[in-house]
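A.B. asks: Mind looking at a prediction? Sequence and model below.
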Amino acid sequence: MIDFLSNIFEHFSDPRKRVFLGYIFLSIVISILWLLKTKRLSFKQALKYIFNGKVLLSTSSKSDIKLFLLNRVFVLFVSPLLVTQLAIATLIYHFLKSLDWLDVGMFSNTPKSFIIFSFTAFIFILDDFTKFIIHRWMHKWPILWSLHKVHHSATTLTPLTIYRTHPLEGVIFTLRGSFTQGISISTFVFFFGNNVDLITIIGVNIFVFCFNVAGANLRHSHIGIQYWKWLEYILISPAQHQLHHSVAQEHYDKNFGATLAIWDWIFGSLNHSENTETLSLGVRNNEILAPHNLYTLYIMPVTEIFVIIQHKMKYLSEFFKQKLIKIKYETKK
C-alpha cells in the first residue's frame, strides 16, 4: 500500500512527470493569460472557463482517474519484469566494442560542452521521434489500435487523460523508452567516454523541461491554444493535439507528434490548429459502445486482439492450404 501511494504521489511531485504540480500550475497561468488576451474574458470568467465542472467532473474524466489508479497497480507488478535501459545499453556497448573498426572513446577529445549539448539534443530528438513512430503504428495496425483506442475513448480531455491507456500500451511505451535511452547512452559513452552528461533543470532534460513549462498539460485539456502557423510546423500546439482526438473525418490520423510537429510535416500527417470549442471527441463509428466502462476498456481490447490473431491465422492457414494444393496439382502434371 505504501509503494502504491508513493507511486501515485510521485507523479505530482516529480518534475520528470508531465503532471508535476509545478507544470500544472504554469499551465493554469498560461491558460488565464491566453483567455484574457484572445477571448477577452475577465479574470473571474477565465477561472470559470478553466475549471469547467462539465469537463473536470465528467464521466470521461472520472474514468481517467480510475484508469490512472488501476494502471499504477499494474505498473508496480510489471515494471520489475521489463527489460531496463541499462541492460540494453550494456548489450549495445559490448556489440560496438566487438567491432574491430571502432575504438572505445575515439572521439573523447571533442570539447565537453559540445558532447553534453549533443547528447541532450540527441536523446530528446530520438525519444520524440520514436514516440511519433509508435503512436503512428498505434493508429495504423489493427492489433495496436485495439489498445490505443482506449486513450481515444475519452470524450473530454484533462491532464490525467495522458494516463488513460491500456496497460499493454503502457508496456509498449515503457519498452520504447528503455530502448531509446539505452541506444543513446551506450552510443555516446562508447564514442565519447566519460564526458557524456545531460543538460538538466531540476533533474529533467532541458528540452523536456521547457516543453512541460510551456504548457504540455494543455494538450489534454479544453483550452485550445493555437500557435503561429510557422511554429506549428515545428511544435505541436495544444489545439493541434486536441484535433488529433477529434472524431471528424478531416482530422483522422493527423498530428501524431508528441512535442515536435516536424515528423508530421515530413510524413504528411500535419494538420494546423483550428477552433476546438465545438470538437466532438472520442472514437469514431461507435467502436467502443461503453467508452467509460472499465470492463470495456481493460478486457475488450485483449479479446479483440485474440479475434484479430485468430482471423489472421485462419487466413494464413487457408493461404498455405491453397498453395499446397497448387503444388500437388503441378507435381502430378
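C.D. replies: Perfect, I can see it now.
A.B. asks: next SSE after the helix or strand that contains Thr296?
C.D. replies: With secondary structure defined by DSSP states H and E, Thr296 is part of helix 294-298. Counting by DSSP H and E, the element after helix 294-298 in chain order, helix or strand, is helix 300-332.
A.B. asks: pLDDT value on Lys332, please?
C.D. replies: Per-residue confidence (pLDDT) for Lys332: 66.
A.B. asks: Give me the helices and strands touching the helix holding Thr296, please.
C.D. replies: Applying 3 or more C-beta pairs under 8 Å, 6 or more residues apart in numbering; DSSP states H and E, we find helix 294-298 packed against helix 59-78. For the C-beta atoms, the positions are set from N, CA and C on the backbone; glycine is no exception.
A.B. asks: which residues touch Val171?
C.D. replies: Each residue near Val171 by C-beta atoms under 8 Å, 6 or more residues apart in numbering is listed here: Val78, Leu82.
A.B. asks: now do 10 Å
C.D. replies: Phe74, Val75, Val78, Ser79, Leu81, Leu82, Leu147, Thr165 (C-beta atoms under 10 Å, 6 or more residues apart in numbering).
A.B. asks: what about this protein, any weak spots by pLDDT?
C.D. replies: Low-confidence segments of the chain, defined by pLDDT under 70: 332-333.
A.B. asks: Quick check: the residue nearest the centre of it vs Val302, distance?
C.D. replies: The C-alpha lying nearest the average C-alpha coordinate of the chain belongs to Lys131 (C-alpha atoms, centre = their mean; 5.6 Å). Distance of Lys131 to Val302, computed by C-beta to C-beta, to the nearest Å: 24 Å.
A.B. asks: again with Lys321
C.D. replies: Counting by C-beta to C-beta, the gap from Lys321 to Val302 is 29 Å.
A.B. asks: Check Thr180 too.
C.D. replies: 26 Å.
A.B. asks: The two: which is more packed in?
C.D. replies: Between Thr180 and Val302, Thr180 has the larger neighbour count (other C-beta atoms under 10 Å), namely 19 against 14.
A.B. asks: sorry, back to before: and the helix holding Thr296, how far from the chain's centre?
C.D. replies: 20 Å (C-alpha atoms, centre = their mean, to the nearest Å).
A.B. asks: Start at 56, not 1
C.D. replies: Yep, numbering from 56; the last one is helix 349-353 now.
A.B. asks: Check which residues of that helix are buried.
C.D. replies: Thr351, Leu352, Tyr353 (16 or more other C-beta atoms under 10 Å).
A.B. asks: same check, this time on stretch 232-240
C.D. replies: By neighbour count with 16+ other C-beta under 10 Å, stretch 232-240 contains the buried residues Ser233, Phe234, Thr235, Gln236, Gly237, Ile238, Ser239, Ile240.
A.B. asks: so what's the second one closest to, chain neighbours aside?
C.D. replies: Among residues not flanking Phe234 along the chain, Ile143 sits closest, at 5.7 Å (C-beta to C-beta, 6 or more residues apart in numbering).
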